[in-house]
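**Student:** The following comprises the amino acid sequence and a computationally predicted model.
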Amino acid sequence: KAGLQYFGAATDTPGQRERAPFPATYATYSAILTNPREFGQTTPTNGMKWLFTEPEAGVFNYTEGEVVAGLAAATGKTLRCHALVWHNQLAPWVENTTWTPDTLRAAITRHVANVASHWKGRCHAWDVVNEALDEDGTYRKSLFYNVLGEEYIKLAFQAAAKADPGAKLYYNDYGIERPGSVKTAGALRLVKMLRDAGVRIDGVGMQAHLHADVHPTAQDHVDTMNAFTALGVAEVAFTELDVRIEMPVNATNLAWQADSYRAVATACVRVPKCVGITLWDFYDPFSWVPDTFPGQGAALLWFDNFTVHPAYDVLIDTFKGL
Ligand code: G3I
C-alpha cells in the first residue's frame, strides 16, 4: 500500500544484553529480529537517549545507538531514531546543573546538533521531542520546560532540522491515540504551536502503549490521525506499540489483545499518511511492561517460549494482500 512503508520492532541495548540468558535465547531472538519477513524497521529503545549519547557535558558516545543503527543497515531495515529531547533517562549532569535560559539553550542545541549530525542520513525519522505533555494535556513541568517554557520544543526541532535535513522530525508521545482526549488535544495544540511559529515538524508518533482501559477502535485511530494530518504534518506513525495484559494470559484476554492490535493495523492501512507501525520490542521477556506495571505483561507478539500470540496471525491477516 502506498502509505504504509514499514512494520517493525524496536530492540534494546544495553538492556537486551543484560537480560538475555545467553546464548541460546538470544540466538533465537536475533534470528527473528533480523528476519526481513518479520520486520522491515527497527528503533533503539534506549541507546540514542541523552544518558548514553552525552553521558558527560560535551562528551558524546554513540556506541549503544550504533548497535541498533548498524543492525538496521546490515539487514536493510528502516531506522527510526529515538529520542533527542526527553525529560527521562537524562544524563545525571543534566539533572544536576543549575541552568539559566542561556546555558540550557546552548546545551540543548549542542546535544541535538551533535547527536542528529552523527546519524545524519541514516534515520528515516527522529523523535525530536518526546513526552512533553502531562496527562491533562498541559506541558509537562520538566527541567526543560521549567527553564525555557515551550521555547525548548521549538529550539529542539530547529536544531534537528539543521543537523539532519533529510530526517522526518516527529513529536512523540503516549496517550494521544484517542480522539478528543485532553492529552490528544494537547498534542494538537503543540503541533499547531510549531506550525504557527514556522518551525518544521513532519510527523506525530502515537506511541500506543495500550491496555484494558485504553484500546481505541480502528475508527478512533483513524479520527485521531486525521486530526493530526489536518494540521499539515506529512506523516503519522505508531511508534511504540504494545498491548499489555493483566496476567495470566487466557483465551479471552489474548483475543481482546488481538483485537486491539487489529484496530491499529486496520487504521494505519486506511490512512494514507500513516507510514508505519513499530512494536516496542517483540519478545515478551524483553518488554518494559512487567518492570513498570507488576502483574501485567505479555504485551508483545512472541511469548517467552517463542511461540506467537493470536495477535500475530491477526496482523498477518490484516496486512495480507497489501
Ligand atoms: O543499563 C542499566 C543497567 O546497568 C542496570 O543494571 C539495570 C538495573 O535496573 O538498569 C539498566 O537500565 C535500564 C534501561 O532501561 C536499559 O535496559 C533502566 O533501569 C530502565 O529504567 C530502562 O527502561 C527503559 C525506559 O524507557 C526508561 O523510562 C525501557 O527499557 C524502555 O523500553 C523505555 O522506553 C520508553 C520510551 O523511550 C518512551 N516511551 C515510553 C517507553 C516505555 O517506558
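**Tutor:** Everything's here; your move.
**Student:** dump the residue contacts of Thr224.
**Tutor:** By Cβ atoms under 8 Å, 6 or more residues apart in numbering, the residues touching Thr224 are Ile176, Glu177, Arg178, Pro179, Thr184, Met206, Pro216. C-beta coordinates here come from the backbone N, C-alpha and C atoms, glycine included.
**Student:** Mind doing that once more with 6 Å?
**Tutor:** Glu177, Pro179 (Cβ atoms under 6 Å, 6 or more residues apart in numbering).
**Student:** That one should be in a strand, yeah?
**Tutor:** No. Assigned with DSSP: H, G, I helix; E, B strand; the rest coil, Thr224 falls outside any strand and is helix.
**Student:** For the residue nearest the centre of the chain, which three-state class applies?
**Tutor:** The chain has Thr239 as the residue nearest its centroid, 3.9 Å off, counting by Cα atoms, centre = their mean. Judged by three-state DSSP, the three-state class of Thr239 is strand.
**Student:** tally of neighbours for the residue in the stretch 151-300 of the chain positioned nearest to the ligand?
**Tutor:** The nearest approach of the stretch 151-300 of the chain to the ligand comes at Trp288, 3.7 Å away (Cβ to the nearest ligand atom). Counted with other Cβ atoms under 10 Å, the neighbours of Trp288 add up to 19.
**Student:** Who are the contact partners of it?
**Tutor:** Counting by Cβ under 6 Å, 6+ apart, Trp288 has no contacts.
**Student:** For the residue nearest to the centre of the chain, give its distance to Ala227.
**Tutor:** Here Thr239 is placed at a distance of 17 Å from Ala227 (Cβ to Cβ, to the nearest Å).
**Student:** Ok, Val182 next?
**Tutor:** 14 Å.
**Student:** which of those two has more neighbours?
**Tutor:** Higher neighbour count among Val182 and Ala227: Ala227, with 19 against 14, using other Cβ under 10 Å.
**Student:** Give the helix, strand or coil label for that one.
**Tutor:** helix.
**Student:** So Phe228 sits against Val236, correct?
**Tutor:** Yes. At 5.3 Å, Phe228 counts as touching Val236 under the criterion of Cβ atoms under 6 Å.
**Student:** Many thanks, I have nothing further to ask.
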